[in-house]
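[1] Could you work out the structure for the sequence below:
(one chain, ligands or ions: 1)
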Amino acid sequence: MAKLRVHELAKELGISSKELLQVLKDNGEFVKSASSSIEAPVARRMRDIVGAKSSDAKKSEKKPAPASSAKQAEAGTGEVPKAAPKPKRAPKPSAQTPKPAAKAEKKPESKPGNKAESAPKKPAPAAPSATPKPAKAPKATPKPVSKPKSPTPGEAAPRPGNNPFAQSQGMPRPGGTGGPRPGPRPGNNPFAQNQGMPRPGGRSGQGRPGGRPGQGQGRPSARPAGARGGNPAAAGEERRGSGPRPNPNMMPGQSPQARAGDAPAGKGRPGGGRGRGGFGGGPGGGQNGPGGGPRGGFAGRGGRGSTQGAFGRSGGPRRGKKSKRARKAEFEEQNAPLIGGVKVPRGDGSTPLRIRSGASLADFAEKINVNPAALVTVLMSLGEMATATQSLDQETFEALGIELGYDVQIVSPEDEDRELLESFDIDLEAEELETDDSELQSRPPVVTVMGHVDHGKTKLLDAIRHTDVVAGESGGITQHIGAYQVRVAHEGDSRAITFIDTPGHEAFTAMRARGAKVTDIAILVVAADDGVMPQTVEAINHAQSANVPIVVAVNKVDKPDSNPDKIRAQLTEYNLVAEEYGGDVMFVDVSAKERMNIDKLLEAVLLTADAELELKANPDSDARGVAIEANLDKGRGSVVTALVERGTLRVGDAMVAGQAYGRVRAMFDEHGKSVTEAGPARPVQVLGLTSVPRAGDSFLIAPDDRTARQIADKRAAAERAAQLAKRRKRISLEDFDEALKQGKVDTLNLIIKGDVSGAVEALEDSLNKIDVGEEVQLRIIHRGVGAITQNDVNLATVDNAIILGFNVRPAERVGEMADREGVEIKYYSVIYSAIEDVENAMKGMLKPIYEEVALGTAEIRQVFRSSKFGNIAGSIVRSGTIRRNSHARLVRDGVVVAENLKIESLRREKDDVTEVREGFECGIGLGAKDIKEGDIIETWEMREKARD
Ligand SMILES: Nc1nc2c(ncn2[C@@H]2O[C@H](COP(=O)(O)OP(=O)(O)OP(=O)(O)O)[C@@H](O)[C@H]2O)c(=O)[nH]1
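    You can find the predicted model right below:
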């Protein structure tokens, strides 16, 4: 010891030789170089001095800590100077030091850094690192010191702050960290990830002041501190140096060095700072490492930071406070029921939830403000599988509603359409109710002819059509447009009657099903030579259920075997009692073939209408009505027969019929004559729509073309969603398993769209050549040239196909639709990539092949009998690894004596462990009673085998 040399003492104190030389010099000891020897008394004094400084530093550091972050920062600054100047650090080298060094290196951008780097890397002992630092120091000046900070190396080492690898050290940011954290917080295990201290952030609270809280941040803190400590300029520089965002590693080193640079200045500077500084800072610095100096102050904070951490506080003040909203969310979260492993907020059972038909889980999720994925899980727990964007049916939503406590109300298509129209300020019901009686005018009845097959419906309609009962009406009806109007002389007036030209109750009912209630009166045709037949009865039922009055046409009375009275008698059974029999139903004997009594029949219709119905409508409003028929004509485009129910339809009107829309370009009546307007009950052919509506779709006139289009688009979207909901292939978990067994889902359906036909064909050829065995089929259900369209997506939805787009993209809004429906569209510009993806997908669809893989064996050395745990096999692992929960079998003398066992428990000493490796002893619980010493436990697991 007598020969203790300066560099050795410096190492011991954790500071650089140069620093120590300075301290010696400051204290009147003149020593030539680092290799010079010093006497024991001088060494002791140096230890005291350096030690004192470090403790000062600590104190000072601590104080600041309490202060607000800002204050801390300042404090740090103040200190810094001191520290900075003195590079001194406490000597405790030790391993830790090295780390700091390392950090320093990284950051290095800072000046010193470079040199340091090499050193630091050496893990070794702090000493080396220390050394290196000195090196740096030179540049910056001494300060670097930081390493060891305080006292013993030991400490240093432990300091979490210094541990570059520590994620959460409780200390504040680097700066702090750097530190010195003097007291190694208990929680400061450098290697610990979660030490209870706050994470870096945590420090922020504290650290902030210094610099950033975090590790990396160390930089700021340090800097500033250093800067001030040293000279401002330097500070500036340092910053730059540090500039680099630090990462944990850098911290200590950097600052130190950087500071070191400044440090010198610092040192010199204010004695005050230094004062303590001298070493106070020093120590701090020590901890931090060189740079630490300044931080010393921070270190303190850091310490606190850690402390907080130790107590589990999250750190910054900010964190402490939670907004009301956050607390509420947390509360709800805690009180949410756990279904299928996820928490979903519950309704109280009567919470109404309106869902449109065809909605998806994502829509439902949006309404109850929850993640769609959670609902997917909940639904799965109910045995249903669906993607978040898939349209679901009413049953599924109701089941989900019951599970989650919501009163799910599926909005009917009618309600939905009403709401849709209301969004455009169109309220059909209100229009009707608000119409003043004075605005109403009589309108013709609309008649549908029904009856059994071959009883003469068509013939009767034909006869009526050709009845020229009103003078002046010439030429007859030449066009079949789905409906026609005839005029009848009735009680001195010329009255019109509109006939729907599609006979039969099927059409009548189909229209009713679409909400079209166009028929006012039904003519029931019954052949007098035949009688009431099944479809006669059906027709009666349909008409009566629609509350439509009936006029009976007893047909074919020209036939010799006809018996009209029999018909009257038969129909009384169906509540159709002829007037002559005391009832209120008009029966007219007619012959369609002979066109006999047609006028009487028409008169009966009018009488019935007048007696039972009040047929009035306001002709002076926008037209509303029904599309009776529609077709696409090659020359004229969409041709729609519209039956106006109220209002007046005019050429030029913006019309919406179901999902079709357009401006009325021209109108024609049943005589083929062009008309410019059509009033209530008037059927006209309309040209001008952009697409073809369905028979029975209602139509209305919109204020303008744009509104018409928007209504049509929205209806189309709603309709698609509803259709998809119906079509959805619902596969429950149970069915899914079944489907798998039956290989139903082993077909990969593809739709290929490309920019040129050559590419599409080439891709199709190549895909068809992919061979992955018989288990999986590849089917290209559609291919085409051009953009990906809605039809492609619809097809993909129905057939669960994937769309491959080769150099093409979806048309407008189609991508969005695909998203909504969960259809995958993959884009390629290289055929090979598409083929590769498809091949992989097909392989992925193959049922996995599993194989048994041995995991390890253990030999039973002793059997422990426990009433609580059963028999425990005290074993030694002979090969591989024994893992808890793995499959096991018991082998005795080379013979398997027990199969299908499981490693139920696994212990090392008294600890439960998940695995034990070869050569170690352990206690294994197999759940088997018959185990003996010398038995071999073989463990294995089933692993999926990769296909070639
Ligand atoms: N003698 C006679 N035959 C008639 C009369 N009305 C219809 N027929 C004949 O009855 C057959 C059926 O007539 P349709 O008018 O086609 O009967 P429908 O009810 O329209 O038959 P579907 O279209 O099959 O439902 C035809 O051969 C007609 O010529 C009639 O008043 N007297």
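[2] Dump stretch 670-679 to PDB, keeping only the CA atoms.
    Coordinates of each C-alpha in stretch 670-679 appear next as PDB, following Å, rounded to 0.1, in the frame of the first residue of the first chain:
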ATOM      1  CA  GLU A 670    -101.700   1.800 -73.100                       C
ATOM      2  CA  HIS A 671    -102.600   3.100 -76.500                       C
ATOM      3  CA  GLY A 672     -99.000   3.900 -77.300                       C
ATOM      4  CA  LYS A 673     -99.700   7.600 -77.200                       C
ATOM      5  CA  SER A 674     -97.300  10.000 -75.700                       C
ATOM      6  CA  VAL A 675     -98.500  11.800 -72.600                       C
ATOM      7  CA  THR A 676     -97.000  14.600 -70.600                       C
ATOM      8  CA  GLU A 677     -98.700  13.900 -67.400                       C
ATOM      9  CA  ALA A 678    -100.500  11.100 -65.500                       C
ATOM     10  CA  GLY A 679    -102.800  11.600 -62.500                       C
END
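[3] need the residues of this protein near the ligand, please.
    Within the chain, the positions lying close to the ligand (CB under 6 Å from any ligand atom) are 451, 453-459, 503, 555-556, 558-559, 591-593. Yep, even glycine has a C-beta here, placed from its N, CA and C like the rest.
[4] Could you tell me which of those belong to strands?
    451, 555 (DSSP state E).
[5] taking the residues of the chain next to the ligand one by one, which sit in helices?
    Applying DSSP state H to these, the entries found in helices are 457-459.
[6] Could you give the number of residues near His542?
    The local packing of His542 (other CB atoms under 10 Å) involves 21 other residues.
[7] One more: the one 4 residues further on?
    For Ala546, the neighbour count with other CB under 10 Å is 15.
[8] thought it was touching Asp520?
    No: the pair Ala546 and Asp520 fails to qualify as a contact (CB atoms under 8 Å) at a distance of 10.2 Å.
[9] What strand or helix carries the nearest residue to Val31 once chain neighbours are set aside?
    Leaving aside its chain neighbours, Val31 sits nearest to Leu24 (5.1 Å; criterion: CB to CB, 6 or more residues apart in numbering). In the assignment (DSSP states H and E), Leu24 maps to helix 17-26.
[10] re the thing from before, check contacts around the residue nearest to Val31.
    Leu24 makes contact with 6, 30-31, 38, 42, 46, according to CB atoms under 8 Å, 6 or more residues apart in numbering.
[11] State which one residue of the stretch 601-750 of the chain is found closest to the ligand.
    The stretch 601-750 of the chain approaches the ligand most closely through Leu601 (11.6 Å), counting by CB to the nearest ligand atom.
[12] Could you tell me what pLDDT the model assigned to the residue lying closest to that residue once chain neighbours are set aside?
    Of all residues not flanking Leu601 in the chain, Val588 sits nearest, at 4.5 Å (CB to CB, 6+ apart). We have a pLDDT of 94 for Val588.
[13] For beta bridges, what are the partners of Val588?
    Per DSSP bridges, the residues bridged to Val588 are Ala553.
[14] Contact partners for it?
    551-554, 597, 600-601, 604.
[15] Kindly indicate the member of the residues you listed with the most neighbours.
    Ala553 leads the contacts of Val588 on contacts (other CB under 10 Å) with 34 neighbours.
[16] Which of the contacts of Val588 sits closest to Ala928?
    When these are ranked by distance to Ala928 (CB to CB), Val552 comes first, at 86.9 Å.
[17] Would you agree the closest one is in contact with Ile567?
    Yes: the criterion here is CB under 8 Å, and Val552 meets it with Ile567 at 7.4 Å.
[18] got any residues that touch both of these two?
    With CB under 8 Å, 6+ apart as the test, Val552 and Ile567 both reach 526, 587.
[19] For burial, what's the neighbour tally of Val605?
    28.
[20] next one: phi and psi at it?
    Torsion angles at Val605 (phi, psi; degrees, to the nearest 10) stand at phi -60, psi -50.
[21] same thing with the one 4 residues further on?
    Backbone torsions of Ala609, given as degrees, to the nearest 10, read phi -60, psi -50.
[22] List the contacts of it.
    445, 520-521, 549, 615.
[23] residues contacting the closest residue to it other than its chain neighbours?
    Nearest residue to Ala609, sequence neighbours excluded (CB to CB, 6+ apart): Pro445, at 4.1 Å. Listed by CB under 8 Å, 6+ apart, the contact partners of Pro445 are 497-498, 520-521, 605-606, 609, 613, 615, 681.
[24] rerun that using 6 Å as the cut-off
    Going by CB atoms under 6 Å, 6 or more residues apart in numbering, Pro445 touches 497, 520-521, 609, 615.
[25] What separation is there between Ala873 and Lys600?
    104 Å (CB to CB, to the nearest Å).
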